[in-house]
Structures are given as structure tokens and as C-alpha cells.
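Engineer: I'd like to go over a predicted model; first the sequence, then the structure.
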Amino acid sequence: MVNRPPDPRGVWPSPRLVRAGRVLAGVDQATLALRAGVTRQAVSVVETDEGEKMDPRRRKVLEAMQRVLEDEYEIEFLAASEKSGEGVRFRK
């Protein structure tokens, strides 16, 4: 189960964490795009999104990327807590 913290943009995990998860999994943008059913350009755009709000189309791409990373690469996204910051790791 993924801990979903409140986010003013309503986006969890953040694009930054999804990129970190992709890198941790050792997957390039093209491969993740293929597995998620989106374009490599869409992956690139979402990974660099730092806006205040996320467009619904970008959110769908982010969710597809997240599903692939969690389901196929066993990546876990961790919310910040009182003891540690947010992060990514492999599930055990």
C-alpha cells in the first residue's frame, strides 16, 4: 500500500520521485514509455513538470508510469515522515 500524503497539486508520487524510481529501476525513458503505453516525449515532459498544477493528461501519463514502476519493477514510493524525507526503493 502506498502512503499518499496531502499535496497541494494533488499529485502523488511527484514527477521527481517517478523519475528517481525510473533511474533506480535502470530503465530509460523510451522503455518506460513503451511499457506505459505513452510516448517517450510524454515521459520526458512529465518527469520535468514542476508546475503548480498538473494537467489531467499529464496526470494520466504519470499514473501509467507509476503503475509500471510499481507492478513491473517493484518500485515503492515513500512519503516524507517526521523522521525521513520522501524517497523510492525496491520492494522486498
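Structural biologist: Everything's here; your move. Quick caveat, the model's predicted, so the values are computed rather than measured.

Engineer: and Thr48, how many neighbours?
Structural biologist: 11 (other Cβ atoms under 10 Å). Just so you know, the C-beta spots here come from the backbone N, C-alpha and C atoms, and that holds for glycine as well.

Engineer: I figured it hits Ser14, correct?
Structural biologist: No. Using Cβ atoms under 8 Å as the test, Thr48 is too far from Ser14 to be in contact (11.6 Å).

Engineer: kindly list the longest helix within the protein.
Structural biologist: In the chain, assigned by DSSP state H, the helix with the most residues is helix 56-73.

Engineer: by contact count, what packs against it?
Structural biologist: Helices and strands touching helix 56-73, by 3 or more Cβ pairs under 8 Å, 6 or more residues apart in numbering; DSSP states H and E, are helix 15-25, helix 29-36, helix 40-47, strand 75-78.

Engineer: and with 6 Å instead?
Structural biologist: helix 15-25, helix 29-36, helix 40-47 (3 or more Cβ pairs under 6 Å, 6 or more residues apart in numbering; DSSP states H and E).
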